[in-house]
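S.K.: show me how the following folds:
(one chain, ligands or ions: 1)
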Amino acid sequence: MTDQTSNQMWGGRFAAGPDAIMEAINASIGYDQRMAAQDIAGSRAHAAMLAATGVISDSDAEAIREGLLTVLSEIEGGTFQFSTALEDIHMNVEARLKEVIGEPAGRLHTGRSRNDQVATDFKLWVRDQLDAAEAGMLALIRALLSQAEAGADWVMPGFTHLQTAQPVTWGHHMMAYVEMFGRDLSRVRDARARMNESPLGAAALAGTSFPIDREMTASALGFDRPAANSLDAVSDRDFALEFLSTASICAMHLSRFAEELVIWSSAQFRFVTLSDRFSTGSSIMPQKKNPDAAELIRAKVGRIFGANTALMMVMKGLPLAYSKDMQEDKEQVFDAADNWMLALAAMEGMVKDMTGNRESLAAAAGSGFSTATDLADWMVRVLKVPFRDAHHVTGTLVAMAESRGCDLPDLSLDDMQGVHAGITADIFTVLGVENSVNSRMSYGGTAPAQVRAQVARWQALLAD
Ligand code: ARG
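M.R.: Residues are numbered from 1 along each chain as shown. Purely as a prediction, here's the structure:
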């Protein structure tokens with residue numbers, strides 16, 4: 001009848017085992033062993049439910065549940081022999097269970113399929129990663145809040161097009177990232193709430209004729225409810241795609257900040273000093289202190305975006321329900337998750353340890369005619385000049401200062417009155433960067449008082 005080499009799980013109708021190449025392309029055990037704990041948790045919940053509904057005996061369920069704990073301890077202890085011939089984590093665990101407990105192991109797979117099993121395991125794994133990402137983001141946000149609080153009134157140049165635009169505060173700049181990571185956090189929480197439905201019991205695709213209790217397994221595994229359509233439950237990978245797209249947006253934010261840290265830590269900027277703990281040296285140039293962590297964060301984003309694109313491509317052409325293509329979901333998500341968590345932790349470490357160089361920031365804040373808008377605004381406010389005219393007058397004064405190689409506050413009152421007769425000495429009060437930032441009191445503006453209010457708002461949000 002069946003050849004000795006045919007698969008012990010599904011080999012009944014096979015006369016021969018698979019070609020070595022078939023085995024190689026088919027096996028996922030090399031990576032899906034990372035879901036061992038989730039697989040065993042799912043199987044233990046399933047066995048308990050099968051006994052509670054009378055599908056299998058209590059003693060069989062007890063043997064299965066105990067045996068699975070033995071298998072888990074072997075896997076965790078590193079003594080488990082993974083087999084490529086057994087394809088994946090599901091069949092490796094079940095085959096070993098058979099060796100440990102004998103005949104009752106064969107009853108575990110009643111009323112389920114690897115299709116709902118893998119969807120369940122993978123969801124549990126992704127859910128853990130969403131929780132880890134949430135913790136990582138909260139830690140990063142807290143580190144940013146400390147920086148913002150300490151430097152709420154430190155002036156620095158604000159840029160558009162990476163050209164000096166208007167002075168801003170260090171705290172304001174840090175709080176911009178708090179807003180970004182705050183949105184990432186809410187995306188993670190949304191994704192978790194949406195994905196938390198149990199596929200277990202959808203079986204292969206159509207449900208099962210056994211009187212299973214899907215509510216029971218769902219709640220045992222911490223799901224809010226069972227997924228309502230068995231076809232969808234086994235063919236849905238939205239949760240993985242939402243994980244990857246949420247990771248991608250967050251990684252994009254991390255990368256933008258990393259880019260700023262690379263620029264800011266350069267000798268030309270000196271806005272920030274990164275700690276030794278988060279920098280590396282050069283093997284040839286003794287003076288170098290390189291922002292490698294920031295550069296690697298910037299680079300790792302590429303593989304996270306790549307994973308998102310790869311899984312989108314895998315899924316886009318698949319008819320319902322399960323297709324083996326979907327086995328390609330895991331390596332993408334595992335790699336993206338590892339690198340996302342690492343990037344979050346590295347960014348938190350850098351932010352915690354970095355020192356904003358208050359003097360360099362202040363010196364740069366005043367250069368590049370950064371208070372030109374304040375000058376124009378003063379003319380509008382005090383002289384009631386239309387903004388467009390004030391803009392033109394200010395442009396003329398900027399050109400004058402530029403040709404003399406000085407800054408706007410270095411021009412004399414005579415110089416200014418030569419361009420617009422109405423200007424008075426009061427204009428000099430708005431040309432200083434401190435006054436400039438203090439005046440930007442509009443809600444969400446860069447004034448230190450506004451920054452402190454936002455820091456307090458976030459601290460209260462995080463305390464809840
Ligand atoms: N290793 C498979 C995966 O990752 C498990 C599901 C296999 N199902 C099947 N009908 N072959 O997707």
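
S.K.: and stretch 68-78, what's buried?
M.R.: Of the residues in stretch 68-78, those buried by neighbour count under the rule 16 or more other Cβ atoms under 10 Å are 68, 71-72, 74-75. (C-beta placed from N, C-alpha, C; glycine too.)

S.K.: need the pLDDT of residue 429.
M.R.: Looking at residue 429, its pLDDT reads 88.

S.K.: list the contacts for it?
M.R.: Contacts for residue 429 were tallied using Cβ atoms under 8 Å, 6 or more residues apart in numbering; they are residue 435.

S.K.: which residues of the stretch 301-450 of the chain fall in strands?
M.R.: With DSSP state E, counting those that start in this stretch applied, the stretch 301-450 of the chain shows strands at 355-356, listed in chain order.

S.K.: tell me which residue of it lies closest to the ligand.
M.R.: Across the stretch 301-450 of the chain, no residue is closer to the ligand than residue 327, which sits at 3.6 Å (Cβ to the nearest ligand atom).

S.K.: let me see the contact set for that residue.
M.R.: 28, 32, 88, 118.

S.K.: filter those residues down to the ones close to the ligand.
M.R.: Checked against the ligand using Cβ under 6 Å from any ligand atom, those give the following subset in range: 28, 32, 88, 118.

S.K.: let's have these in JSON lines, adding secondary structure, pLDDT and neighbour count.
M.R.: Conversion of those to JSON lines gives the following (DSSP: H, G, I helix; E, B strand; the rest coil; pLDDT from 0 to 100; neighbours: other Cβ atoms under 10 Å):
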{"residue": "28", "secondary structure": "coil", "pLDDT": "97", "neighbour count": "20"}
{"residue": "32", "secondary structure": "helix", "pLDDT": "98", "neighbour count": "24"}
{"residue": "88", "secondary structure": "coil", "pLDDT": "97", "neighbour count": "26"}
{"residue": "118", "secondary structure": "helix", "pLDDT": "98", "neighbour count": "26"}
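
S.K.: wait, which of these is closest to residue 315?
M.R.: The closest of those to residue 315 turns out to be residue 118 (Cβ to Cβ; 14.6 Å).

S.K.: how much space separates residue 206 from residue 410?
M.R.: Computed as Cβ to Cβ, to the nearest Å, the residue 206 to residue 410 distance reads 81 Å.

S.K.: go on, residue 361?
M.R.: Counting by Cβ to Cβ - residue 361 and residue 410 are separated by 21 Å.

S.K.: how about residue 194?
M.R.: Between residue 194 and residue 410 the distance is 58 Å, computed by Cβ to Cβ.

S.K.: figure out how far the helix or strand of the chain with the lowest mean pLDDT is from the centre of its chain.
M.R.: The element with the least model confidence among the helices and strands of the chain, by mean pLDDT, DSSP states H and E, is helix 428-431, at a mean of 89. Between the mean C-alpha location of helix 428-431 and the chain-wide mean there is a distance of 43 Å, by Cα atoms, centre = their mean, to the nearest Å.

S.K.: what of stretch 373-381?
M.R.: Stretch 373-381 has its C-alpha centroid displaced from the chain centroid by 42 Å (Cα atoms, centre = their mean).

S.K.: list the contacts of that stretch.
M.R.: Outside stretch 373-381, the residues within contact range by Cβ under 8 Å, 6+ apart are 166, 385-387, 389-391, 393-394, 397, 408, 420, 422-423, 426-427, 430-431, 435-436, 439.

S.K.: now stretch 177-192
M.R.: Contacting residues not belonging to stretch 177-192 are listed as 127, 130-131, 133-134, 137-138, 140-141, 144-145, 148, 239, 242-243, 246, 249-250, 253, 257, 454, 458 [Cβ under 8 Å, 6+ apart].
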